[in-house]
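Q: I'd like to go over a predicted model; first the sequence, then the structure.
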There are 2 protein chains.
Amino acid sequence: MSSRAHPVDGDLSPATDGGNLPIKSSPTRHKVGIPPKPNMFKDFMYTFKETFFHDDPLRDFKDQPRSKQFMLGLRSVFPVFDWGRDYNLKKFRGDLISGLTIASLCIPQDIGYAKLANLDPKYGLYSSFVPPLVYACMGSSRDIAIGPVAVVSLLIGTLLRAEIDPNTSPDEYLRLAFTATFFAGITEAALGFFRLGFLIDFLSHAAVVGFMGGAAITIALQQLKGFLGIKKFTKKTDIIAVLDSVFSSAHHGWNWQTILIGASFLTFLLTSKFIGKKSKKLFWVPATAPLISVIISTFFVYITRADKQGVQIVKHLDQGINPSSFHLIYFSGDNLAKGIRIGVVCGMVALTEAVAIGRTFAAMKDYQIDGNKEMVALGMMNVVGSMSSCYVATGSFSRSAVNFMAGCQTAVSNIIMSIVVLLTLLFLTPLFKYTPNAILAAIIINAVIPLIDIQAAILIFKVDKLDFVACMGAFFGVIFVSVEIGLLIAVSISFAKILLQVTRPRTAVLGNIPRTSVYRNIQQYPEATMVPGVLTIRVDSAIYFSNSNYVRERIQRWLHEEEEKVKATSLPRIQFLIIEMSPVTDIDTSGIHALEDLYKSLQKRDIQLILANPGPLVIGKLHLSHFADMLGEDNIYLTVADAVDACCPKLSDEV
Amino acid sequence: MSSRAHPVDGDLSPATDGGNLPIKSSPTRHKVGIPPKPNMFKDFMYTFKETFFHDDPLRDFKDQPRSKQFMLGLRSVFPVFDWGRDYNLKKFRGDLISGLTIASLCIPQDIGYAKLANLDPKYGLYSSFVPPLVYACMGSSRDIAIGPVAVVSLLIGTLLRAEIDPNTSPDEYLRLAFTATFFAGITEAALGFFRLGFLIDFLSHAAVVGFMGGAAITIALQQLKGFLGIKKFTKKTDIIAVLDSVFSSAHHGWNWQTILIGASFLTFLLTSKFIGKKSKKLFWVPATAPLISVIISTFFVYITRADKQGVQIVKHLDQGINPSSFHLIYFSGDNLAKGIRIGVVCGMVALTEAVAIGRTFAAMKDYQIDGNKEMVALGMMNVVGSMSSCYVATGSFSRSAVNFMAGCQTAVSNIIMSIVVLLTLLFLTPLFKYTPNAILAAIIINAVIPLIDIQAAILIFKVDKLDFVACMGAFFGVIFVSVEIGLLIAVSISFAKILLQVTRPRTAVLGNIPRTSVYRNIQQYPEATMVPGVLTIRVDSAIYFSNSNYVRERIQRWLHEEEEKVKATSLPRIQFLIIEMSPVTDIDTSGIHALEDLYKSLQKRDIQLILANPGPLVIGKLHLSHFADMLGEDNIYLTVADAVDACCPKLSDEV
């Protein structure tokens, strides 16, 4: 033994079951650890904490004097007090440039997005003024750019229109929009406050990719109205109705001047985007192109008076800052319920987008974001927004990326943008009078193209076929039916996938990898060999009520198949069934009953059930339920190798 | 090397990192197997098969001639053709005795259960005649006793009464009952036919225990009406309304003769049950006690004419067998929708009970039951039942247990019971005229007591606190509100638990168990030691969209905590983070993105990410998504020991 500094338990290969190696002696056998019986309250608190407070948000508050705790609390709610202290001129330089850049991007986008929500253009600008200010004080992401976004605008527009016609009752429509915004904010803040932020994780990445892609196409199709200068346009959003509407008006409804302006500037925008992609240093080319397009085209229309040739223009944009709208929110009646429903849906979708952005950029710069706190900030900004004539704002993917590339340092870039929007509202709105709608359409088409993430869809297709089905379901649901149906499909398939995951865990037959004591899936490692007379099965999931019957039946089927194989080849009959429990992290009473049933049925066939490496929770519960006693402490091993080791002498006795 | 027949990879303990052992040389390192790229169609079919056909139902049909296949198909739909062939007199003897026993038990129960469903007593008997016959031909369980059961009767009664008042419109009520029964059958058969039987697994064992216990208490409380002879009784089922109703009528509504009869026979029943428990051979004592009580009490009332003293009696029970009721089923109108809704709920609950019984007894006698085929049989029996004046029938726990103990061999015992019920309907119903209601109440109270499974509740409390909350939620929901609310609570908590399971997987820090190459959870094995400079974390679940963010954040928190510990003790800083992937059975695009984010953020801190033992699906997807290339093939190892082995020389270089 002295030549081996560290004997290895269960070190065994099928070739050496003669038993002439001393390491097989039982004294070296390691017991499966039974953790100390957990205090019931502690146990419950642990689960509770991991569910709702897994990020330990009060970590910093521990062992601090009261006054310090107050300061920490204040900084925690308003991170501005945290990063504001060491803010300097160098950081401001970065924020100023990026703030100006995203402002130049957001102003034309806002006007277009407001139209998607069937609102006056000014509400788009309003929503880029107040919410970014609130977020800058409360939010913890440094890179996110706040304001109205295409998908949420389309969603809220569709949902609101289903309740109230914006053309016949614009006032009621507006009131419902503010009500929905208010409750979207409440939803977001409540999810964060009650630490239920994990609920948005239930929307799978694949479903989001499909939904976003579908929404982008729907939005682009909607822009054909402005792009082609069509006056009579369908109110539906599905591709068939829209294309029908477009082509039925091809002969008399299209305006060639509009198309000329739109097409040339779309080309300009796409070219500038291409340039920006070629060199990261030229990020400002695509970022400023929209504003340049607006300025040039507005000037062009103004001097040629193309609006008299049928080129539609913005016409009028109210001057002045956000009026109060608290009194417009419905707090009673039928519209309250409608507002809550629409608000909850829009709030969740807006949250999904904002949180994804926050996480992406936080990972890039390696800082931590508290998802739940972030949700409270986003919620508060929409609540305040709804009281100051804003509709739902959230983080914009495209503008956040520009913000990041322009070198933003803190949320001050949002404040800069907000100030620029304020100045625009106060002084520049009359200048937008001659801005052609075709330009806005081109800008929006250009902005939503990146949402169609074909690369991601290809990756999803490669990685998981079922995910791809979810992705395509959401995609086609949005473009062929409506944005709500697409969302519903996305959520349903995501849930179905979760349920599938918990009902049908994987199981695998293990074999010994030659010259090691390691046992691995024989499908993955074809060189792995099975020990005659022993069947080793790994169960790859916690055993709960939702899968306990499946697990039991599947193990019995493996056994059945193996027994038939054995019969055909006249190998020794199977005497031991080893279940590798490493991945079985937890078990409930149904699971224990399933093991009991399995044990009883194996006993009838004279096959010994053996467990290998049950985890701390599992072994504790097996003891509590006396299944460990029924099975016999001796039949629970630390490793599969140990278990096989123990079985083999008994096997050789019989052979 | 020759003295070691089988060198062990990754055999290493912290004490020996000097590198003087030849086994550390890289040539012996095992590669992580990459399974052959799966055919897309095959992959999809595999998932599909494991989800819906995991039991391989067409196994026996393979490679058989056409005529044999037809016979197998026939036998598969009607198992009677299977077991009927070798049926013999010995088996019949067992079936006859058990059939007579359960008949004696079911007749008085049926009359009482029909009252729970607000139906005439005869419908209870009808439901013990037709459904058992259908089941005997189609079902595969040998021990189940078919007929009306207490919980389903209460449930359908409550749900129907919420729609139609049985006192003011008894005909409509009856029609709706048949409609609900029809759709309960359709639901059951459809779940089986479309192989969606796993859906009933979503109701957790804990929730079922709580629900059953609550329903038993509610049913027992309802019996106080008959037991105390109260005439004016509440129509609500919650405990407060019922007790209020009982005590407010204490002074003038109770009938002492009724109480005397009820109490003495309840004592008799409970005593006989006690005797039955003492000796398994005396199982017939409690099994026949109800019928004996009925006979004696009926005779007693008849000779004393106690009904004139206010003792309520059955009065009238129609003679004759089930009339057709197909024309009574609603196939249109409002009541169709109501019938479908009630039918679906009752069908699912009935199914849960029947399938649980089938599984329990199949495990005891070690035969296999095809859950989905069983559901088709149960469904067909209710469809046929609904057309022949039966309401929802299913497997009864108590009668099935008696059937089993009385030595039933096949479903013939159900046929025997059915014949006895037929004879009763034809000839004996007039004899029930003087049967006091108090006896029926006593029989039902006696029958539902075993549903209150305190042992199971204690085990659940011990094993899982959250499950216990689910159990108590369902229990109190049923007794304090209503049976529907209890069911709703049971289903909701079950789902919440599934969602919790998939969002918050466990993670653990691993350490090396001294003198082995095994790495285990340091919380379970306090003797396990961590290798300085290396942090090993095991993720205990597949990484999907629902948990990918949590997993990433949790790993970062482990690292953060460990780094703080290291700082405090001036150990070498952490340079390697090993993720043990054995339990990670699958990963989706969100999971891969989470790993990428983790990798990038670790790189910024100069910590190397290493994966140990990714499974076949995971390694395939990591390659497809090029994450394996990003990480470097060299940083993926077969075992944690291998990985630590590879890290240590690098570590010693720096120290």
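A: Arrived safely.
Q: going on from the worst-scoring helix or strand of chain A on mean pLDDT, what's the next piece of helix or strand?
A: Lowest by mean pLDDT, DSSP states H and E among the helices and strands of chain A is helix A:40-52, with a mean of 72. Where DSSP states H and E defines the elements, the next helix or strand beyond helix A:40-52 is helix A:66-77.
Q: which parts of the stretch 151-300 of chain A sit against chain B?
A: A:198, A:201, A:202, A:203, A:204, A:205, A:206 (CB under 8 Å from any CB of the partner chain). (C-beta placed from N, C-alpha, C; glycine too.)
Q: Assess the claim that the fourth one and residue A:492 are in contact.
A: No. Using CB atoms under 8 Å as the test, residue A:203 is too far from residue A:492 to be in contact (10.8 Å).
Q: what stretches of chain A score poorly on pLDDT?
A: For chain A, the stretches with pLDDT under 70 are A:1-31, A:33-40, A:43-44, A:55-60, A:650-655.
Q: biggest helix in it, by residue count?
A: helix A:334-365 (DSSP state H).
Q: Just checking the distance from that helix to the centre of its chain.
A: 11 Å (CA atoms, centre = their mean, to the nearest Å).
Q: Now do the buried residues in it.
A: A:335, A:338-340, A:342-363 (16 or more other CB atoms under 10 Å in any protein chain shown).
Q: got a winner among the residues of the stretch 151-300 of chain A next to chain B for most neighbours?
A: With neighbours defined as other CB atoms under 10 Å in any protein chain shown, the most crowded of these is residue A:206; it has 32 neighbours.
Q: Provide a list of residues in contact with it.
A: Residues in contact with residue A:206, defined by CB atoms under 8 Å, 6 or more residues apart in numbering or on different chains, are A:460, A:464, A:467, A:468, A:470, A:471, B:545, B:588, B:589.
Q: If you rank those residues by neighbours, which is first?
A: Busiest of those [other CB under 10 Å] is residue A:471, holding 30 neighbours.
Q: quick one on the thing from earlier: quick one: list the elements packing against the least confident helix or strand of chain A.
A: helix B:465-476 (3 or more CB pairs under 8 Å, 6 or more residues apart in numbering or on different chains; DSSP states H and E).
Q: Give me the neighbour count for residue A:515.
A: For residue A:515, using other CB under 10 Å, the count is 17.
Q: Double-check that residue A:538 belongs to a helix.
A: No. With DSSP: H, G, I helix; E, B strand; the rest coil as the criterion, residue A:538 is strand rather than part of a helix.
Q: Quick check: it touching residue A:580?
A: Yes. Using CB under 8 Å, residue A:538 makes contact with residue A:580 at a distance of 4.0 Å.
Q: tell me, what's touching the two both at once?
A: residue A:510.
Q: For residue A:617, what are phi and psi?
A: When read as degrees, to the nearest 10, the backbone of residue A:617 gives phi -70, psi -40.
Q: Now for residue A:88: which residues touch it?
A: Residue A:88 makes no contacts at all, as judged by CB under 8 Å, 6+ apart.
Q: likewise residue A:600?
A: With CB under 8 Å, 6+ apart, residue A:600 has these contacts: B:363, B:364, B:366.
Q: so which of those also contact chain A?
A: B:363, B:364, B:366.
Q: Return the closest of those with respect to residue B:94.
A: residue B:364 (15.2 Å; CB to CB).
Q: so the closest one sits right up against residue B:400, yeah?
A: No. Taking contacts as CB under 8 Å, residue B:364 lies outside contact range of residue B:400: 11.0 Å.
Q: could you pull out the strands for the stretch 551-655 of chain A?
A: Assigned by DSSP state E, counting those that start in this stretch, the stretch 551-655 of chain A shows strands spanning A:576-580, A:608-612, A:636-637.
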